[in-house]
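Chemist: my questions are about this predicted structure, shown below with the sequence.
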Amino acid sequence: MVRRLATTVLLAGIFAAPALAQEKTVLTPGVLYERQIEFTRHGPVVMHVIEAPRPGGLYSLKPVLSNGVIAGRETVSSMQRRLSPVSTVAGVNGDLFAWADGRPSGMLMQGGVLQTPPMSGRSSLGIDATGALRVGRVQWFGTWQGAGQRRTINTLNAVPGPNGLSLYTPAWGTNTPIVDGATIAVIQPISPALPNADLTGPVVAVAQTPTSAIPPDAAVLVARGVAASKLLAEAVVGSNVTLRLLLKPDWVGVVEAIGGGPVLVRNGGPVFRPYEEFTTEQLLPRHPRTAVGQRADGSILLVAVDGRRPGYSAGMTNFELARAMARLGAVTATAMDAGGSTTMAFDGAVLNRPSDPGGEREVSEGLFVFYDGVHAPPATEPVLSFNGDGVSEKQDLSYKVVRPSTVSATLVAPDRSVRFSELLARQPGTYRYPFDAAAFGATPLEGRWHWVINATDDQGRQSAIDRGFWVNSTLGSIEVSPSLLALKPVGTPLQIELAIANRARVKLTIETPAGAVLRTLVRGTLNPGGFTYTWDGRDFTRTLVHSGSYVARVTTENAFGPMELAERFTVKRVAVPKPKRKSKRPVAKPRS
């Protein structure tokens, strides 16, 4: 028997609004998740939406590198699990990337430090110190200067061309990639790679070698061909080298940035022709897609559209995604990597259905909303029922803090009395509270209970969360017999017995395992008591169902909340043998 909280599905319009939308789920304070379905002539389209407050205070929006470095790939859920001890995160995949080494194709800036350069033909997304999003094309130009004139840095954290020079920073990893015929100069110590500033440091090593270590406080110049000879001549050990990484526009105030594109929404309107360096194959077909945007009030939208799954979700074109972002209220928005990379997750749990056959794809980056206040996940049992059957009679509650905090935890009954309370200084970590019947009293009050957590961290920032659950014994049991129904055109029906402890609105249905309702047997208000209903094996069209697995599901709703019980059973169609027809023997004719 399965007991769970019934879910509610809300109806809305088509195209102008989602065709079907689930109630918004509170992931963590201020961060909401919603699954929407649009019904189109191309098939259903499933869209996952995260809404978050404007970055600032306890909230921030940041790009995250796979494995913490540029080289390599990692799943979005794995990145989040890695970050969980220091923050509660929700978000999506990031920029397009090189499959071989995981390098992002466009801009990456973290904490004001430039990690990879922008792709001038595509939009980049910048997040400034006020929490405002900027979407636009950005160019960059790098130089280095040793004993001679200023010379060009051709690329940042990428292999240089045959006569080019590249700058490698600790963001790449612990060692530069192997480049045959390279000349390498190590500058140490030197400031992080801040754009639009002169960065000067001494040369501590110069060598003609295919690879070099990248110390945490160093920068490494790797040159080939003509650029290698100039580096060897002008970057002398003991002398200083000055680096300059210029952005145009300079994006003063931007502290986080990520590549992506194309632009989707500008000044609140969807962009039909972005005129960016994307192919028609990337823009026009219906694919899984990812987007990020900002509303006029500063709130953030993260969107993942499922696709490449006929019958479940057809995906979207790029312009359809632009229209969807505008419909959600974005005044500015841009796309991220799409296709099999499209992933949305919360605290390490994937929320959408990635399209790759193997499931979630390893990607280069994630773009995450970080929440640094107290977090409490939903109760492990949405509904507790103390009826002695041993099902859903224990509750596991918990909370997590990511900074040293003073935490108040309180369990509040429906009559507002406090059944548990503590005030403690807590170090970062997750704290669990398993409760049994004793915690709720000899006669547990039915109705809505609340797990209320308030915290003040070591920076004086306050946060709170209230997670509710129900105590409800309205449904005592559901019993189905026989568990294997031998279904004949005329035979013994299925018998369903219900025990109702409190007056409630009751609905009893026969469903497929996927939840499709075949027949509604009861819909109305019942008083306490035992009830027996029968099912003749026919759906709402009065047609006998096929052999297979089915579910009898009963839901109730009253002042103590919603409740649901379900019981599985099996139907086996039994063919009725046709009566044998008597053979007619031919009558011998008399001989003439």
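Modeler: Sure thing, it's come through.
Chemist: low-scoring stretches of the chain, by residue?
Modeler: 1-21, 489-491, 576-592 (pLDDT under 70).
Chemist: burial count for residue 22?
Modeler: 15 (other C-beta atoms under 10 Å). C-beta: built from backbone N, CA, C; applies to glycine.
Chemist: what's the separation between it and residue 502?
Modeler: 27 Å (C-beta to C-beta, to the nearest Å).
Chemist: what are the boundaries of the strands in the stretch 251-400 of the chain?
Modeler: With strands called from DSSP state E, counting those that start in this stretch, the stretch 251-400 of the chain shows them at 254-259, 263-266, 269-270, 289-295, 300-305, 330-335, 344-346, 349-350, 365-371, 383-384, 395-401.
Chemist: any chance of JSON lines for these, columns distance to residue 494 and mean neighbour count?
Modeler: Putting the strands of the stretch 251-400 of the chain into JSON lines (distance: least, C-beta to C-beta, whole Å; neighbours: other C-beta atoms under 10 Å) gives the following:
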{"stretch": "strand 254-259", "distance to residue 494": "56", "mean neighbour count": "25"}
{"stretch": "strand 263-266", "distance to residue 494": "52", "mean neighbour count": "24"}
{"stretch": "strand 269-270", "distance to residue 494": "52", "mean neighbour count": "16"}
{"stretch": "strand 289-295", "distance to residue 494": "45", "mean neighbour count": "26"}
{"stretch": "strand 300-305", "distance to residue 494": "41", "mean neighbour count": "26"}
{"stretch": "strand 330-335", "distance to residue 494": "51", "mean neighbour count": "26"}
{"stretch": "strand 344-346", "distance to residue 494": "40", "mean neighbour count": "26"}
{"stretch": "strand 349-350", "distance to residue 494": "37", "mean neighbour count": "14"}
{"stretch": "strand 365-371", "distance to residue 494": "48", "mean neighbour count": "26"}
{"stretch": "strand 383-384", "distance to residue 494": "26", "mean neighbour count": "23"}
{"stretch": "strand 395-401", "distance to residue 494": "34", "mean neighbour count": "21"}
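Chemist: what's around residue 560, how many residues?
Modeler: Neighbour tally, residue 560, other C-beta under 10 Å: 22.
Chemist: contacting residues for it?
Modeler: Residue 560 makes contacts with 446, 447, 470, 471, 472, 473, 474, 502, as judged by C-beta atoms under 8 Å, 6 or more residues apart in numbering.
Chemist: same check on residue 482?
Modeler: 492, 494, 569.
Chemist: residue 575: which of those is nearest?
Modeler: residue 492 (16.4 Å; C-beta to C-beta).
Chemist: so how far is residue 477 from residue 126?
Modeler: For residue 126, the distance to residue 477 - C-beta to C-beta - is 58 Å.
Chemist: how close does the nearest residue to residue 210 once chain neighbours are set aside sit to residue 184?
Modeler: Excluding the flanking residues, the one nearest residue 210 by C-beta to C-beta, 6 or more residues apart in numbering is residue 178, at 4.7 Å. For residue 178, the distance to residue 184 equals 11 Å [C-beta to C-beta].
Chemist: let's verify residue 82: helix, strand, or coil?
Modeler: Classification of residue 82 using DSSP: H, G, I helix; E, B strand; the rest coil returns helix.
Chemist: that one - how many residues pack around it?
Modeler: By the criterion of other C-beta under 10 Å, residue 82 has 16 neighbours.
Chemist: quick one: contacts for it?
Modeler: residue 68.
Chemist: now residue 307
Modeler: Contacts of residue 307 were listed using C-beta under 8 Å, 6+ apart, and they are 45, 286, 287, 288, 289, 313, 314, 315, 316, 342, 355.
Chemist: that one and residue 313, how far apart?
Modeler: When residue 307 is compared with residue 313 (using C-beta to C-beta), they lie 6 Å apart.
Chemist: anything in contact with each of the two?
Modeler: Counting by C-beta under 8 Å, 6+ apart, the residues touching both residue 307 and residue 313 are 45, 288.
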